[in-house]
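Student: here is my input; please provide its structure:
(chains A and B)
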Amino acid sequence: MADTQAITELSKRRGFFFLSSDAYGGVAGFYTFGPQGAALKANVESAWRDRYTVKEGNREIEAPTIMPEPVFEASGHLDGFNDMLVECASCGESHRADHLVEDVTDIEDAEALPNSEVADLIADHDIHCPNCGEPLAGQAVENFNLMFSTDIGPGGDQPGYLRPETAQGIFVEFPRLKEYARNQLPFGVTQIGRAYRNEISPRKGLVRVREFTQAELEQFIDPEEDEPNLDAVADVEVRLYSAEEQNKDDGGYLETTIGEAVEAGVIANEWVAYYLGISQEWYERIGVDMDRFRFRQHLAGERAHYASDCWDAESELGGDWVEIAGFAYRGDYDLSKHGEYGDDDFTVFKQYDEPKTVERAVVDPDMSTLGPEFGGAAADIADALRDLAARDPDAFDGDEVTVDADGETYTVSTEVADFRVEEQTESGEHITPHVVEPSFGVGRTVYTVLEHAYREDEVAGEERTYLALEPEVAPTYVGVFPLVGNDERLTDLATELVRDVREAGLSAEYDDSGNIGRRYRRKDEIGTPFCVTVDRDGVESEGETTVTVRERDTTAQIRLPVDALVDELTAVREGRKTFDDLLDSYERVDADTAEA
RNA sequence: GCGCCGAUGGUCCAAUGGUAGGACAGUGGCUUCCCAAGCCACCGGUCCGGGUUCGAUUCCCGGUCGGCGCACCA
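Tutor: Sure thing, here's the model as predicted:
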């Protein structure tokens, strides 16, 4: 069982991740991925890109991390990302001021009130500190916004924020993105990038940090027509922790399939169900221990108001369940907000199968009459007439019609209004697409992969530590060693092989220091799946030159011709073969015999 | 943000009011034909700032960072 300390220590020592800016005392919530960690993270991102961008036929973009204030007014982060804190003068405890007020009043959304008013309410209702019982009256209510703010350009008159999620970078560019998709729904846009939250209390290493990487997919759909390919994931087995089960005293997991869960209505939304299925398989692929993994449904209270169904992927880390991805059906919330605040069109024109002919009441006011008669009010009157025609065509039945404009009532002859009923052909309508959002925390995923891969065992009576990383994500794929360092035939060939392996696009490290066992252990600790060793038996043998390949988890070895080495290693890396296949094809080497 | 505890080579630990010692790791050499072996040598450290003191890594205060608890996690 991997404890957090052991992994933190290994990560520091072997270069997976460590606290940033340590030379200057460090700063909480910021981590640097070292050489192994950066490679591991890059491999996880590649695997994500392969699954959620390439295999889904989506497109990836890269938006700036800083965006101007109006973006976050529209997204709701400027208001909604604030916490109101009040500190107790007696015991120093900080509390959510809005929550305290909501508890003792019938105000439901105290967060919407100005701070001074909340402070007054605390005084008026004589609210006491929940911790020590002393009165909180007179204490200032302070805002704490979780977004990092900055100034764009000189002068400081254009405030900007570091994005608290990568998603907004996709939503704000929707008007162009829909053009690239040729206005055809459904389409998906992905982004892998940094996001920033000025967390009050970063904790637990990589799990809660202030700067982190997200991988997000925004799937834009027509809610009335588009359906996911559920057949592709219907048989995928998942462990679900539904809201209903969470509310029971003895609630447990539903071990079921995606198909059954949709059938039973446990997963309300088919798109969400589809991505849970895809993700179950993806997590397994990158080496997450599926016995320490579950999908947990949000309880009604923790769901954002716009999300109709929301599930988290959670992994067990150090005994706690940690959210590593969220799957939300966001409806049209994001796009309609940006449509409301932004200048561009956040809808898609949807053509009907066949054009519809509709009868529509229209007016075509004669401005040459209205203008002279009503002066500056004429334009408003014309607008009011159009509204009225759409709302109440019967109003035009008589000779005259009255409308209100600018607070006054005007009477216009129906002839001047030129009321008539027209047949119009409509070829389609503008709709606001709905959004399905699978959103992944990359750092937490990387940490999960590390912790779930951590193993301790014994080899030849000696303890060893190793990382059972999947070949696809292992930061260093292969180690290449001369069995001894003082024989040029061995060192020369090993040096040559490292070049060959790298040339094939596989990350490789050469090592001739100390004895062979030490070098194997070094590679075990960074999760290198294979070690190639050049020995005298191999270079002295009649005929072809051979080398040994050792597999990390079992320490089993095979001997194969150097000419086959790169091809076989590539095949395993790409998932076309396993080491077991190689065991069947090549001579097995018994390390114990060789030792004797 | 608050409370408690802590901070010594790359890592893990020891010691001390008079500038620090070990283990492991690392580097160079010897040895070594398959799993952290052996021998020699080397590299490398008291979190930051202030105070007390002739002298502070040690005592005191503040800060930073970490662990745990509380709060927070749209």
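Student: for A:S11, which three-state class applies?
Tutor: helix (DSSP: H, G, I helix; E, B strand; the rest coil).
Student: residue contacts, it?
Tutor: Neighbour list for A:S11: A:F17, A:F18, A:G34, A:G37, A:L450 [criterion: Cβ atoms under 8 Å, 6 or more residues apart in numbering]. Heads up, the C-betas are built off the backbone N, CA and C, glycines and all.
Student: change it to 10 Å
Tutor: For A:S11, the contacting residues are A:F17, A:F18, A:Y31, A:F33, A:G34, A:Q36, A:G37, A:G205, A:L206, A:Y447, A:L450, by Cβ atoms under 10 Å, 6 or more residues apart in numbering.
Student: where exactly do the strands run in the stretch 401-550 of chain A?
Tutor: Taking DSSP state E, counting those that start in this stretch to define them, one finds strands in the stretch 401-550 of chain A at A:408-413, A:420-431, A:434-441, A:454-459, A:462-467, A:478-482, A:508-510, A:530-534, A:546-551.
Student: minimum distance to A:G193: which of those strands has it?
Tutor: strand A:434-441 (11.7 Å; Cβ to Cβ).
Student: is any residue of that closest one near RNA strand B?
Tutor: No. With Cβ under 7 Å from any atom of the strand as the criterion, RNA strand B is not reached by strand A:434-441; the gap is at least 9.3 Å.
Student: what about that strand, average pLDDT?
Tutor: Strand A:434-441 shows a mean pLDDT of 95.
Student: from RNA strand B, how far out is the nearest residue to A:A325 once chain neighbours are set aside?
Tutor: Sequence neighbours aside, A:A313 is the residue nearest to A:A325 in space, at 3.9 Å (criterion: Cβ to Cβ, 6 or more residues apart in numbering). To RNA strand B, A:A313 is 15 Å away according to Cβ to the nearest atom of the strand, to the nearest Å.
Student: ok, whichever helix or strand A:A313 is part of: who's next to it in the sheet?
Tutor: Using DSSP states H and E, A:A313 falls within strand A:310-317. Counting by DSSP bridges, the strands paired with strand A:310-317 are strand A:293-297 (antiparallel), strand A:320-331 (antiparallel).
Student: mean neighbour count and mean pLDDT added to those, as CSV?
Tutor: Supplementary listing: those in CSV, determined by neighbours: other Cβ atoms under 10 Å; pLDDT from 0 to 100:
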stretch, mean neighbour count, mean pLDDT
strand A:293-297, 21, 95
strand A:320-331, 20, 92
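Student: what's the closest of these to RNA strand B?
Tutor: Across these, RNA strand B has its closest neighbour in strand A:320-331 (8.2 Å, Cβ to the nearest atom of the strand).
Student: now do that closest one against strand A:434-441, angle only.
Tutor: Counting by axes from the mean of the first three to the mean of the last three Cα atoms, to 10 degrees, strand A:320-331 points 160 degrees away from the direction of strand A:434-441.
Student: what about the spatially closest residue to A:D309 that is not a sequence neighbour, neighbour count?
Tutor: Closest residue to A:D309 apart from its sequence neighbours, by Cβ to Cβ, 6+ apart: A:A268 at 4.2 Å. Burial of A:A268 is recorded as 15 neighbouring residues (other Cβ atoms under 10 Å).
Student: run through chain A and note the low-pLDDT ranges.
Tutor: By pLDDT under 70, the low-scoring segments of chain A are A:1-2, A:80-85, A:87-96, A:103-104, A:106-114, A:129-135, A:142-144, A:301-307, A:591-596.
Student: thinking again about what came up before, the residue nearest to A:A325 contacts A:F293, doesn't it?
Tutor: Yes. Using Cβ atoms under 10 Å, A:A313 makes contact with A:F293 at a distance of 7.2 Å.
Student: pairing partners for the longest strand along chain A, with directions?
Tutor: Longest strand in chain A, counting residues (DSSP state E): strand A:348-362. Using DSSP bridges, the strands paired with strand A:348-362 are strand A:420-431 (antiparallel).
Student: quick one: buried residues of the partner strand?
Tutor: A:I431 (16 or more other Cβ atoms under 10 Å).
Student: what residue in the stretch 101-250 of chain A comes nearest to RNA strand B?
Tutor: For the stretch 101-250 of chain A, Cβ to the nearest atom of the strand, closest residue to RNA strand B: A:S201, 3.7 Å.
Student: count of residues packed around that residue?
Tutor: 7.
Student: please name the residues that touch the residue nearest to it when sequence neighbours are not counted.
Tutor: Leaving aside its sequence neighbours, A:S201 sits nearest to A:R208 (Cβ to Cβ, 6+ apart; 7.7 Å). Residues in contact with A:R208 (Cβ under 10 Å, 6+ apart) are A:A28, A:G29, A:R197, A:E199, A:I200, A:S201, A:P202, A:V322, A:G441, A:G443, A:R444.
Student: which parts of the stretch 151-300 of chain A are strands?
Tutor: A:159-162, A:187-196, A:211-221, A:237-241, A:254-257, A:293-297.
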